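Student: generate coordinates for the sequence data below:
(2 chains)
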2 protein chains.
Amino acid sequence: MQLSMKEVAEHMKMAAPKLAVTTCKQRNDALLLVKEALLREKEAVFAANHKDMEAAAEADIAPAVMKRLKFDEGKLTDVCKGIEQLVSLEDPLGKKDLSRELDEGLTLYRVSCPIGVIGIIFEARPDALVQISCLCIKSGNCAILKGGKETVNTNKVLFSIIHKAVIQAGLPEYTLHQATLHNEIDELLACDREVDLLIPRGSNQFVQYIMNHTKIPVMGHADGVCHIYVDKDADMQKALSVIVDAKIQYTAACNAVETILVHRDIATAFLPLLKERLKENNVLIRGTKEAADTIGCEVMEENEFHTEYLDLIVSVKIVEDKKAAIEHINYFGSHHTDCIITENDETADVFMEMVDSAGVYRNCSTRFADGFRYGFGAEVGISTSKLHARGPVGLEGLVTYKYKLYGDGHVVSEYASGKRSFHFKNL
Amino acid sequence: MQLSMKEVAEHMKMAAPKLAVTTCKQRNDALLLVKEALLREKEAVFAANHKDMEAAAEADIAPAVMKRLKFDEGKLTDVCKGIEQLVSLEDPLGKKDLSRELDEGLTLYRVSCPIGVIGIIFEARPDALVQISCLCIKSGNCAILKGGKETVNTNKVLFSIIHKAVIQAGLPEYTLHQATLHNEIDELLACDREVDLLIPRGSNQFVQYIMNHTKIPVMGHADGVCHIYVDKDADMQKALSVIVDAKIQYTAACNAVETILVHRDIATAFLPLLKERLKENNVLIRGTKEAADTIGCEVMEENEFHTEYLDLIVSVKIVEDKKAAIEHINYFGSHHTDCIITENDETADVFMEMVDSAGVYRNCSTRFADGFRYGFGAEVGISTSKLHARGPVGLEGLVTYKYKLYGDGHVVSEYASGKRSFHFKNL
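Tutor: Numbering: from 1, shown residues only, chains lettered A, B, ... in the order given. Here you go, the predicted model:
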């Protein structure tokens, strides 16, 4: 009989402390077994993926999405490289970042440990299933995984390969579980006693739904309204190429730019150049009345600056100075990734200190906001929350810590009465 | 005209980036000005506190609570010592914990920064108002403070002293704000666009109310069901003195022990001793049927082991072994602070790895779970959440980080096409 989501989550909560005490070697062995099995059983994976691709073609799915569904030799190679990189990274668990003798014989340590049980709901991308599973294995977290339905066949084969490797390496049976039914998402949201963290990936609407329907802490980003501010001291050629890259290199990504702010002093010189470059790339410009007066674009309202287009459209506004740019970004932005184009170090410093975002950039594309590009090996998502992990979330974002205190019969009353006192020596 | 809570929060959101760029010297200067003013204007504070104490006496408030309301020379000295300690701590802001060259001319830093705007709702304790304000100033966070109504007069005078010092040191006017009306709490809960974090302190019921009525992330603990497990290899004398301290040294504290688990092998030897010691200290024992059969205590049901008494009552259960103890704690506990009494290193290791709590202790009282006793100088609260900060929360729990990326016109398309590649050199 199949277990309910609640029962699975209960098993996982019991398995989590057992997974937490496994050695890094065991977890690495599991990863290497995953890699070997993927290579050995690749034809079964490709065959399952072929089925998914056929179904997608029949369903008339957009070519950009089709590309994400595909799992071929190229993706397999990338995924295996990612696993090797994960294996080579040091153990994120058991790291002491505080060792302090509070008093003779009373010693405090702060030690990294897994979060516990994580629920991850992600888009239809078979490579994401492998990456996310492997990040959880390496970081000692139990995980319930729910992938997009368009790759259900591929995911089934991939998960079976990964799960077998987990068992073979001696990790607990309930280290990983794959949910396949849509209604299991709501069941998962109700497991607030068992599940420690949810990581939803997908549309703004979907992430909001998750946040509004669970008591479990949620890590992720609801939207990515990213800005590029072109300062008066900008190198205009750099500004143009960075803006084009940030807008068109992958339009549907959360780190694509949505709003361009231009310093008034250079607006008449820069905006016509921008208009030309964006037109060449089929990007539609919408702007404030002032911007429209300068370059003849569509006029938009101030309150539309919250818009995340995820399309070949960009909002444009002329601002008085860096202060106005920073205020606009902090008010209308989503605290994801925002960039200044300037050759002026002082201006850049102020911008990078005062913009309240997970990523603040100077003279480079917002599209760099990504776990791979930051050198984290992989990411489970990008966080715009300010607590715990911020920005691309790799292994470090999947661990927490506990305080371990070792004594020899020490009691508080002796310190409260003044009979003994703390001496706080860092070890 | 008085501003609404929403308007205050909006001002604060605008002030937060300005506070974030202040120097540590400015923030320390503000703290020293607070200390000087407290000493200079102490008579005004004592007079206000006298009013609060009189009102409390008339309202027949319990002596234990009265003690917390009092602000006298002793408390003033403690608070001033705390400020000095905070001033001496290094700046928690601007710390780089990752510096990585992604490619030539493209450099990534992860830098600590304030969380932003924090709402803190705390019990009637004037010293807490000072400590919390000072932690927020040092960590560069704007804060809305709402203290218990029983100390409204003292808080008013203290806050006015602190606020003047903030202005005098050149920090933004909206660095700190004091809310005084109870209905302002609900208004604060609605400010999810402006407030980044809520820290409620108080009863389980109150914290649950906050968590269920806001979209703002909440840090804190709803309850403290702390355990002491007396292992078969325990030193019984240590066990007795640690249990007595953990139960009676401050019964109403969240880190007081509520449940004692005893290994079956020593139950008949240990339980009678425990009964005697607890009786001497007026502690009532409730236990499983098996425990009751051994020492003749009141019988309780299994599902009552979730109970946080905050009183001179303790639950007792006989367990098969360390595994059963760990499972009981992970199931019934609140992941706050749990302790093992044992002379066996191996058993202790397993317990401390597998118990899923913010604090795991060996041979010492659970009452040590406290920011001062950990040497953090002060705490804004204790977190049983697993994300961000766990356990006593001092300065480190009040900061987050941002990623800063510096380029020179770098675009992602060149990396996607293979024209350039990342080299990831840690600096």
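Student: can you check the distance spanned by stretch A:309-322, start to finish?
Tutor: Stretch A:309-322 has an end-to-end distance of 24 Å (criterion: Cα to Cα, to the nearest Å).
Student: revised request: answer the last question for stretch A:31-50.
Tutor: End-to-end distance (Cα to Cα), stretch A:31-50: 25 Å.
Student: name the residues of that stretch that are buried.
Tutor: Of all the residues in stretch A:31-50, those buried under the rule 16 or more other Cβ atoms under 10 Å in any protein chain shown are A:31, A:33, A:34, A:35, A:37, A:38, A:42, A:45, A:46, A:48, A:49. C-beta coordinates here come from the backbone N, C-alpha and C atoms, glycine included.
Student: what does the helix or strand hosting the third one contact?
Tutor: Same thing as residue A:34. Element membership of residue A:34, judged by DSSP states H and E, is helix A:24-40. Outside helix A:24-40, the residues within contact range by Cβ atoms under 8 Å, 6 or more residues apart in numbering or on different chains are A:45, A:76, A:79-80, A:83-84, A:86-87, A:90-91, A:93, A:130, A:133-134, A:137-138, A:140, A:158, A:161-162, A:164-166, A:168-171.
Student: out of those, which end up buried?
Tutor: Buried among the contacts of helix A:24-40 by 16+ other Cβ under 10 Å: A:45, A:76, A:79-80, A:83, A:86-87, A:91, A:93, A:130, A:133-134, A:137-138, A:140, A:158, A:161-162, A:165-166, A:169, A:171.
Student: just the ones of these in helices?
Tutor: Those of these mapping onto helices are A:45, A:76, A:79-80, A:83, A:86-87, A:130, A:133-134, A:137-138, A:158, A:161-162, A:165-166, per DSSP state H.
Student: give me the phi and psi for residue A:353.
Tutor: Main-chain dihedrals, residue A:353, degrees, to the nearest 10: phi -80, psi -40.
Student: and the nearest residue to it once chain neighbours are set aside, backbone torsions?
Tutor: Leaving aside its sequence neighbours, residue A:353 sits nearest to residue B:21 (Cβ to Cβ, 6 or more residues apart in numbering or on different chains; 4.7 Å). The phi/psi pair for residue B:21 (degrees, to the nearest 10) reads phi -100, psi 0.
Student: does residue B:21 touch residue A:356 like I think?
Tutor: No - with contact defined as Cβ atoms under 8 Å, residue B:21 does not reach residue A:356; the gap is 11.4 Å.
Student: out of these two, which sits in the more crowded spot?
Tutor: residue A:356 (25 against 15; other Cβ atoms under 10 Å in any protein chain shown).
Student: quick check: that one vs residue A:304, distance?
Tutor: 21 Å (Cβ to Cβ, to the nearest Å).
Student: give me every residue that touches the closest residue to residue A:320 other than its chain neighbours.
Tutor: Spatially, and ignoring its direct neighbours in sequence, residue A:320 is nearest to residue A:264 (5.9 Å; Cβ to Cβ, 6+ apart). With contacts taken as Cβ under 8 Å, 6+ apart, residue A:264 has the following neighbours: A:232, A:318, A:319, A:320, A:321.
Student: for whichever strand or helix holds the second one, name the packing helices and strands.
Tutor: Think residue A:318. Per DSSP H and E: residue A:318 is located in strand A:313-319. Strand A:313-319 sits against strand A:257-263, helix A:264-280, strand A:284-287, helix A:289-295, helix A:322-332, with contacts defined as 3 or more Cβ pairs under 8 Å, 6 or more residues apart in numbering or on different chains; DSSP states H and E.
Student: how many other residues sit next to residue A:95?
Tutor: Using other Cβ under 10 Å, residue A:95 has 14 other residues around it.
Student: wait, isn't it in contact with residue A:111?
Tutor: Yes - between residue A:95 and residue A:111 there is a contact under Cβ under 8 Å: 6.9 Å.
Student: could you look up the SS state of the closest residue to chain B within the stretch 1-150 of chain A?
Tutor: For the stretch 1-150 of chain A, the residue closest to chain B is residue A:17, as judged by Cβ to the nearest Cβ, at 3.9 Å. Following DSSP: H, G, I helix; E, B strand; the rest coil, the label given to residue A:17 is helix.
Student: burial check on whatever residue of the stretch 251-400 of chain A ends up closest to chain B, number of neighbours?
Tutor: Evaluated by Cβ to the nearest Cβ, the stretch 251-400 of chain A has residue A:364 as its residue closest to chain B, separated by 2.8 Å. For residue A:364, the neighbour count with other Cβ under 10 Å is 26.
Student: can you list the low-confidence ranges for chain A?
Tutor: Across chain A, the ranges flagged by pLDDT under 70 are A:1, A:222.
Student: can you tell me the element residue A:233 falls in?
Tutor: For residue A:233, there is no host helix or strand (DSSP H and E).
Student: residues contacting it?
Tutor: The contact partners of residue A:233, taken as Cβ under 8 Å, 6+ apart, are A:342, A:343, A:344, A:347.
Student: again, 6 Å this time
Tutor: Shown in contact with residue A:233 (Cβ atoms under 6 Å, 6 or more residues apart in numbering or on different chains): A:342, A:343, A:344.
Student: nearest residue to the first one in space, ignoring adjacent ones along the chain?
Tutor: Think residue A:342. residue A:231 (3.7 Å).
Student: quick one: secondary structure of the residue nearest to residue A:192 when sequence neighbours are not counted?
Tutor: Of all residues not flanking residue A:192 in the chain, residue A:215 sits nearest, at 4.2 Å (Cβ to Cβ, 6+ apart). Classification of residue A:215 by three-state DSSP places it in coil.
Student: residue A:215 is in contact with residue A:193, isn't it?
Tutor: No - contact between residue A:215 and residue A:193 fails when scored by Cβ atoms under 6 Å: they sit 9.3 Å apart.
Student: chain B contacts on the stretch 201-350 of chain A?
Tutor: A:217, A:238, A:241, A:245, A:249 (Cβ under 6 Å from any Cβ of the partner chain).
Student: list the contacts for residue A:13?
Tutor: Counted by Cβ under 6 Å, 6+ apart, residue A:13 has contacts A:117, A:194.
Student: give me the angle between the strand or helix carrying it and helix A:24-40.
Tutor: Secondary structure from DSSP H and E places residue A:13 in helix A:5-20. With axes from the mean of the first three to the mean of the last three Cα atoms, to 10 degrees defining the directions, helix A:5-20 sits at 120 degrees from helix A:24-40.
Student: which residue packs closest to residue A:392, ignoring adjacent ones?
Tutor: Nearest non-adjacent residue to residue A:392, counting by Cβ to Cβ, 6+ apart: residue A:371, 3.8 Å away.
Student: list phi and psi for that neighbour.
Tutor: Dihedral angles (degrees, to the nearest 10) for residue A:371: phi -60, psi -40.
Student: surely residue A:147 and residue A:129 touch.
Tutor: Yes - under the criterion of Cβ under 6 Å, residue A:147 makes contact with residue A:129 at 5.3 Å.
Student: which residues are common contacts for those two?
Tutor: residue A:155.
Student: coming back round to it: out of the helices and strands packed on strand A:313-319, which one sits most buried?
Tutor: Among the helices and strands packed on strand A:313-319, ranked by average contacts under mean count of other Cβ atoms under 10 Å in any protein chain shown, first place goes to strand A:257-263 (a mean of 26).
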